[in-house]
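Participant: Structure, please.
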Amino acid sequence: MAVLACAAPSEEQEMKKFLTCALVVVAAACSSSDDGEGNVNFTTWGEEFIEQEIPSSDVADGWTIKYDRFLVTFHDIEVAEDGAAPAVTMAGSKLFNHKVPGEKSIVKFANVPAKAYTHVSYRIAPAAADTELGAGVTDADKQLMVSNGYAVYVEATATKGATTKSYKWGFKLDTLYDRCKGDISGKETDGAIVTNGGTDTVQLTIHGDHLYYDDLQAKEAKVRFDNIANADADNDGVITLEELAAVKLAAIPKANGPYGTGSAAGINDLRAFVEALSRTVGHYRGEGECFASAK
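Facilitator: Modelled structure (predicted):
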């Protein structure tokens, strides 16, 4: 029971003020005790760069890149207030093929207490035996991911003039995307906002062009493919991760670089560089970002 102390009225006008004060406090107490519930829906999308192609106009050295498969496994989506236990957590994991067009549903949380949740996180990690199949995923896709311990797997073809290069790369890294923030109605917003009776749809966006960046940190990084194409040492038209590992970053001409590694340690060859880039494919509400770190 809320107790309100107001000065005793001495005049009729003061009595009216007193009654008004009491009514306002009672109304405030009622509204603060029950803010209602809403929903949070998480979806994923690979954008046109994965669904269609990365056109030569967006690649610094003129290649066109088309994906055939782009498999990503999502784990442990959590929505929380800062410093508090998660209000909701996705159980298990779910695998998606982002080559399939359109926005795809990952998980829906209903009856979530209405408030601002400033701490949202998710993981892209290796598939497991109990991983669920999302849109466009076959049992064979899942078997490929589980048996090899892949978190992300891509198949693609790159062309430039009469030259064609194909590749099939799997990445085993476990990455936590934490403290995510993105645009809501033109304003950068931390996490998710649940309103009474409303639904906040949060898109976990996958950026397929990031695998070809020439810098791990700079926002001005360019998409390049010449150095990856040149790694095809046996010239059979297929680029393997082992061939990328044979290319030392220090040996790449500056004109084809810069291949900046920033504060990252131990990244000396093109394979390690591309594997590090695989941690950067996860985004939030389109161009929004999270703190990405190794698990």
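
Participant: all strands for the stretch 151-295 of the chain, in order.
Facilitator: 152-160, 163-171, 175-184, 187-190, 192-193, 199-205, 289-294 (DSSP state E, counting those that start in this stretch).

Participant: In the last one, which residues are buried?
Facilitator: If you call a residue buried by 16 or more other CB atoms under 10 Å, then strand 289-294 has these buried ones: Glu289, Cys290, Ala292. (Glycine included, C-beta is placed from N, CA and C.)

Participant: now the first one
Facilitator: Residues of strand 152-160 classed as buried under the neighbour-count rule (16+ other CB under 10 Å) are Val152, Tyr153, Val154, Glu155, Ala156, Ala158, Thr159, Lys160.

Participant: check contacts around the residue nearest to the first one when sequence neighbours are not counted.
Facilitator: Residue nearest to Val152 in three dimensions, not counting chain neighbours: Phe171, with 4.4 Å by CB to CB, 6 or more residues apart in numbering. Under the criterion of CB atoms under 8 Å, 6 or more residues apart in numbering, the neighbours of Phe171 are Tyr150, Ala151, Val152, Tyr153, Glu275, Ser278.

Participant: Out of those residues, give me the two with the largest separation.
Facilitator: Maximum pairwise distance in these, criterion CB to CB, is 12.7 Å, between Tyr153 and Glu275.

Participant: re the thing from before, in a markdown table: the buried residues of strand 152-160, plus distance to Gly282 and pLDDT.
Facilitator: Shown next, in a markdown table, are the buried residues of strand 152-160 (distance: CB to CB, whole Å; pLDDT from 0 to 100):
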| residue | distance to Gly282 | pLDDT |
| --- | --- | --- |
| Val152 | 9 | 98 |
| Tyr153 | 15 | 98 |
| Val154 | 14 | 98 |
| Glu155 | 19 | 98 |
| Ala156 | 18 | 98 |
| Ala158 | 23 | 98 |
| Thr159 | 27 | 98 |
| Lys160 | 28 | 98 |
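
Participant: Save these as JSON lines, and put in distance to Ile267 too.
Facilitator: Below are the buried residues of strand 152-160 laid out as JSON lines (distance: CB to CB, whole Å):
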{"residue": "Val152", "distance to Ile267": "17"}
{"residue": "Tyr153", "distance to Ile267": "21"}
{"residue": "Val154", "distance to Ile267": "19"}
{"residue": "Glu155", "distance to Ile267": "24"}
{"residue": "Ala156", "distance to Ile267": "22"}
{"residue": "Ala158", "distance to Ile267": "22"}
{"residue": "Thr159", "distance to Ile267": "28"}
{"residue": "Lys160", "distance to Ile267": "26"}
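
Participant: from those, which is closest to Asn196?
Facilitator: Val152 (37.6 Å).

Participant: okay but that closest one is in contact with Leu71, surely?
Facilitator: Yes: Val152 is within contact range of Leu71, at 6.8 Å (criterion: CB atoms under 8 Å).

Participant: how far off strand 175-184 does the lengthiest strand in the chain point, in degrees?
Facilitator: Once the chain is assigned using DSSP state E, the strand that runs over the most residues is strand 64-80. Counting by axes from the mean of the first three to the mean of the last three CA atoms, to 10 degrees, strand 64-80 lies at 90 degrees to strand 175-184.

Participant: packing partners for whatever helix or strand comes next after strand 64-80?
Facilitator: Using DSSP states H and E, the next helix or strand after strand 64-80 towards the C-terminus is strand 88-89. With contacts taken as 3 or more CB pairs under 8 Å, 6 or more residues apart in numbering; DSSP states H and E, strand 88-89 sits against strand 64-80.

Participant: The strands of the stretch 151-295 of the chain: which one's closest to Val238?
Facilitator: strand 163-171 (5.6 Å).

Participant: Would you mark the buried spots in the closest one?
Facilitator: Buried residues in strand 163-171 (16+ other CB under 10 Å): Lys165, Ser166, Tyr167, Trp169, Gly170, Phe171.

Participant: and the strands of the stretch 151-295 of the chain as CSV, adding distance to Asn256?
Facilitator: Formatted as CSV, those follow (distance: least, CB to CB, whole Å):
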stretch, distance to Asn256
strand 152-160, 14
strand 163-171, 16
strand 175-184, 27
strand 187-190, 35
strand 192-193, 41
strand 199-205, 29
strand 289-294, 26
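
Participant: so which of those gets nearest Ala264?
Facilitator: Closest approach to Ala264 among the strands of the stretch 151-295 of the chain is made by strand 289-294 (10.6 Å; CB to CB).

Participant: Check the model's average confidence along the closest one for me.
Facilitator: Mean pLDDT, strand 289-294: 96.

Participant: cool, and stretch 237-250?
Facilitator: With pLDDT averaged residue by residue, stretch 237-250 scores 97.

Participant: Many thanks, I have nothing further to ask.
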